[in-house]
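**Student:** Next one to model:
(2 chains)
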Amino acid sequence: DGGITQSPKYLFRKEGQNVTLSCEQNLNHDAMYWYRQDPGQGLRLIYYSQIVNDFQKGDIAEGYSVSREKKESFPLTVTSAQKNPTAFYLCASRAATSGNVDTGELFFGEGSRLTVL
Amino acid sequence: GNSVTQMEGPVTLSEEAFLTINCTYTATGYPSLFWYVQYPGEGLQLLLKATKADDKGSNKGFEATYRKETTSFHLEKGSVQVSDSAVYFCALSDRTGRRALTFGSGTRLQVQP
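**Tutor:** Model prediction:
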């Protein structure tokens, strides 16, 4: 089945360590997104990529980095510079728009929960 | 910029009660509007959507109508079930630029038997 796979589902990190969260999609979608979810705050956009080899900062990019070397993959690195990294991280993708009506719908993975010890 | 405001939760209802979760938005242009649902420990699933004014999105007994004059997209269901217990997010999508979703803070629904 087509979808978005995030791994790991749970991750524990010591302070000062970088960690990388994986996001893979087999939907053939061009655009991919990373969101952070904190209790009571909804989802906030970290980074997004509209096309391979290109990505842009979202609203809360400080302390995070991404890469987009393949269409299917959009890994997120949480660096030691991120002051409060404990959160639930969600990856999403959006279908290509050329020749199709783009309603803006995003498809989400199951999420990765990061806890800093 | 774009923003979405949802009613605060938790909303606690008895089974078969009527549900309304209010959602209003601020946006430039003509966004698409969405309701997503999140079950514990999971990602978000699209519940319904509407892409233009007066459109009604519906799915699994839930409905919401895109009201441009009141900038609202309230979620309703005539008879809730225990299995509807989840967190519901209202969101809008800008049609230009980053084309990302802007979310409300979410409303937790608890349905008691």
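
**Student:** What helices and strands are in contact with the strand or helix carrying B:Phe34?
**Tutor:** For B:Phe34, the host element (DSSP states H and E) is strand B:32-38. Other helices and strands packing on strand B:32-38, by 3 or more C-beta pairs under 8 Å, 6 or more residues apart in numbering or on different chains; DSSP states H and E, are strand B:44-50, strand B:62-65, strand B:86-93. (Glycine included, C-beta is placed from N, CA and C.)

**Student:** Can you read off the backbone torsions of B:Ser83?
**Tutor:** phi -70, psi -10 (degrees, to the nearest 10).

**Student:** Leaving out sequence neighbours, find the closest residue to the spatially most central residue of chain A.
**Tutor:** Using C-alpha atoms, centre = their mean, the residue of chain A that lies closest to the mean C-alpha position is A:Trp34, 2.6 Å off. Nearest non-adjacent residue to A:Trp34, counting by C-beta to C-beta, 6 or more residues apart in numbering or on different chains: A:Ile46, 4.3 Å away.

**Student:** Tell me how many other residues crowd whatever residue of chain B ends up closest to chain A.
**Tutor:** Residue of chain B nearest chain A, by C-beta to the nearest C-beta: B:Ser93 (2.8 Å). When neighbours are counted by other C-beta atoms under 10 Å in any protein chain shown, B:Ser93 registers 23.

**Student:** Fine by me, we can end here.
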